[in-house]
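*Asks:* Show me the folded form of this:
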Amino acid sequence: MNRCADDYVDSVRAEIAQVLARSHGARGWTALQERDPEGNVRGPLPYTAEAADEFMAGYDRDPDNPALVHHLAIAFHARAWDLELAGDPRAAQEWESALDFWRRLASSEPFWLRLAAQLQAADPNGTHDVLIESRRNLLEHLLDIHIDFIRHYVESEAPERAVTHIEIIRRARIPPALKKLLVSKVYDVIAAPVLQACASGDLDHALMALERFLDLFPDHLLALRAYCQTARQSVQRMSYLQDWDNIAVLSRRASPRCEGLSKHPDIRDDAAARAALEELASEFSWRGHDRGWQSLSICHVVAPLQQHLAEAQESFALCAAWCRLAITFRSSGSMLGDVFGHTVLGQVQLYRYELDSIAQSSGSPRHKQDAQLAILDTMVAVLEEVQGVTQLVELGKQIDDEIASIGADREQLRSERLMRGLS
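*Replies:* Residues are numbered from 1 along each chain as shown. Alright, predicted model coming up:
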């Protein structure tokens, strides 16, 4: 008995809510009407503040009412346009609210059934093909507006406003396939000025445009590939003799993007992406390799200065980092493995200077031996990393010989340490 009474009360409340919602809708429709000075109705406006408030009040009571959802979609959409053209930052929220109401409308069966009935009444012999297509493409067409805004702001050099519309697309609650299509459209807009910048030699501007895009879509394979290709053009203009600081800055700048590409789930199926990563890594690696060996050669001729040792260490570290990033994607005939191997041999020589420094330092023999053993372990580890990646037979043999020699030194040091502990 109580349950029946509760159901009855709920149904009455729902009916009252619908009546009140219709009442708000009626008042909202009245508030939309534009009137001449004599008070005669000219026709409805897209929105007024009073009408929007009434429609929202009705929507709060009856969120499934398609007429109210339709009015609100139009109202927020029109208000977003006004704010956008006025340069008002509140436009972004209005766009997102409008899109949410349009999304609700696209999935509202009662709304489309009512339109179909109206179409049938107007043309009994007509088909619903236009209506079906309109419903299917509604969200894409609405989001295409933001593509146009992105293009406009990119061309007018207002990137922060372009990013606002990219964010709207990124956050939109739409099917994944549609979002992927729209992201591709956004990239096409970004790609055009990137190509122009590259053609004019303004590579930094091109990299900045790609970075802004990748900040929002970090897994976009085409953008990552273009980033590597553009960065490679920049490195190719640099000499390690005159431009090392710029090389190091660009390396730090490009590394996160290129690491993302190296871990991309689709890179093994994209030969162009793999090639772009390897080619950029090769440009950085050769410059680090050449600077490292130049600095190291100075140490061989004169007493090693800390400056030259530090330069060699920094250069070899940059080279090794880029080799590690791309070594698994190297193509047949690539020199990347040989550059990596030769660089590691340079690092091993630096470690030998460090071993000599420890041997000549003050401190207890035990502590010195512990430090030397740690360095020898590191030397073996870095050499083992490049075993099998080189193409030059002689280089591979040199690496194997170094491992054997260091291994022998390590065993001798361990034996000496053991004997010292027993004595």
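
*Asks:* and for the helix or strand containing Tyr227, what are the contacting residues?
*Replies:* Following DSSP states H and E, one finds Tyr227 within helix 221-236. Residues outside helix 221-236 that contact it (CB atoms under 8 Å, 6 or more residues apart in numbering): 187, 190-191, 194, 198, 203-204, 206-207, 210-211, 213-214, 217, 247, 250, 254, 257-258, 260-261, 264, 266-267, 270, 272-273, 276-277, 279-280, 283-284, 287. For every residue, glycine as well, the C-beta is placed using N, CA and C.

*Asks:* Now which of those residues would you call buried?
*Replies:* Among those, the ones that count as buried by 16 or more other CB atoms under 10 Å are 187, 190-191, 194, 198, 203, 206-207, 210, 213-214, 217, 247, 250, 254, 257-258, 260-261, 264, 267, 270, 273, 276-277, 279-280, 283-284, 287.

*Asks:* just to revisit the earlier point, mark which of the contacts of helix 221-236 are part of helices, please.
*Replies:* If you go by DSSP state H, the contacts of helix 221-236 have 187, 190-191, 194, 198, 203-204, 206-207, 210-211, 213-214, 247, 250, 254, 257-258, 260-261, 272-273, 276-277, 279-280, 283-284, 287 in helices.

*Asks:* hang on, the earlier thing: could you list the buried residues of the helix holding Tyr227?
*Replies:* For helix 221-236, by 16+ other CB under 10 Å, it's 221, 223-232, 234-235.

*Asks:* same question, stretch 107-121
*Replies:* Buried-residue list, stretch 107-121, by 16+ other CB under 10 Å: Ser108, Phe111, Trp112, Leu115.

*Asks:* out of these, who's nearest Ala374?
*Replies:* Comparing the buried residues of stretch 107-121 against Ala374 with CB to CB places Ser108 closest, at 69.1 Å.

*Asks:* which residues does the closest one contact?
*Replies:* Shown in contact with Ser108 (CB under 8 Å, 6+ apart): Asp64, Pro66, Val69.

*Asks:* taking the residues you listed one by one, which sit in helices?
*Replies:* Per DSSP H, the contacts of Ser108 map to helices at Pro66, Val69.

*Asks:* among the contacts of Ser108, which ones are buried?
*Replies:* For those, buried by 16+ other CB under 10 Å: Pro66, Val69.

*Asks:* Turn the contacts of Ser108 into CSV, including distance to Ile327 and pLDDT.
*Replies:* As requested, the contacts of Ser108 are exported to CSV (distance: CB to CB, whole Å; pLDDT from 0 to 100):
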residue, distance to Ile327, pLDDT
Asp64, 58, 89
Pro66, 59, 90
Val69, 56, 92
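
*Asks:* Please identify the helix or strand for Met337.
*Replies:* Not quite, residue 337 is Gly, not Met. helix 336-360.

*Asks:* ugh, wrong one, I meant Lys185
*Replies:* helix 176-200.

*Asks:* and the next element down the chain from the lowest-mean-pLDDT helix or strand in the chain?
*Replies:* When the helices and strands of the chain are scored by mean pLDDT, DSSP states H and E, helix 2-32 comes last with a mean of 58. Moving toward the C-terminus from helix 2-32, the next helix or strand (DSSP H and E) is strand 33-35.

*Asks:* Mind giving me the packing neighbours of that next one?
*Replies:* In terms of contacts (3 or more CB pairs under 8 Å, 6 or more residues apart in numbering; DSSP states H and E), strand 33-35 is packed against strand 41-44.

*Asks:* could you give the mean pLDDT of the strand it packs on?
*Replies:* Computed over strand 41-44, the mean pLDDT rounds to 80.

*Asks:* Show me what secondary structure element comes after that strand.
*Replies:* The helix or strand immediately downstream of strand 41-44 is helix 49-61, counting by DSSP H and E.

*Asks:* could you point out where this structure is predicted with low confidence?
*Replies:* 1-22, 301-304, 420-423 (pLDDT under 70).

*Asks:* where does the spatially most central residue of it fall, phi/psi-wise?
*Replies:* Nearest residue to the geometric centre of the chain (CA atoms, centre = their mean): Pro218, 1.5 Å. In terms of degrees, to the nearest 10, the main-chain angles of Pro218 are phi -70, psi -20.

*Asks:* Taking helix 176-200 as reference, get the angle to the helix holding Tyr227.
*Replies:* Interaxial angle, helix 221-236 versus helix 176-200 (axes from the mean of the first three to the mean of the last three CA atoms, to 10 degrees): 20 degrees.

*Asks:* tell me the angle of helix 221-236 relative to helix 203-216?
*Replies:* 150 degrees.

*Asks:* what's near enough to touch the residue lying closest to Ala326 once chain neighbours are set aside?
*Replies:* Excluding the flanking residues, the one nearest Ala326 by CB to CB, 6 or more residues apart in numbering is Ala281, at 3.6 Å. For Ala281, the contact set (CB under 8 Å, 6+ apart) comprises Cys258, Trp322, Cys323, Leu325, Ala326, Leu336.

*Asks:* try 10 Å this time
*Replies:* The contact partners of Ala281, by CB atoms under 10 Å, 6 or more residues apart in numbering, come to 228, 232, 254, 258, 262, 319, 321-327, 329-330, 334, 336, 339-340.

*Asks:* same check, this time on Met335
*Replies:* Neighbours of Met335 in contact, by CB under 10 Å, 6+ apart: Ser282, Ser285, Trp286, His342, Thr390, Gln391, Leu392.

*Asks:* same thing with Thr390?
*Replies:* Thr390 touches 335-342, 344, 396-399, counting by CB under 10 Å, 6+ apart.

*Asks:* what do you get for Ile327?
*Replies:* 262, 278, 281, 285, 320, 334, 336-337, 339-340, 385-386, 389.

*Asks:* now do Asn40
*Replies:* Gln33, Glu34.

*Asks:* before we move on, what about Asp148?
*Replies:* His165, Lys185, Val189.

*Asks:* Tell me how far the residue nearest to Ala326 lies from Ser184.
*Replies:* Look at Ala281 and Ser184: by CB to CB, to the nearest Å, they are 27 Å apart.

*Asks:* neighbours of Asp338, just the number please.
*Replies:* Other residues near Asp338 number 18, with proximity taken as other CB atoms under 10 Å.

*Asks:* isn't it right up against Gln398?
*Replies:* No. Taking contacts as CB atoms under 10 Å, Asp338 lies outside contact range of Gln398: 11.2 Å.

*Asks:* residues shared between the contacts of the two?
*Replies:* Joint contacts of Asp338 and Gln398 (CB under 10 Å, 6+ apart) are Thr390, Leu392.

*Asks:* mind checking the end-to-end distance for stretch 39-56?
*Replies:* Across its full length, stretch 39-56 reaches 26 Å between end residues, using CA to CA, to the nearest Å.
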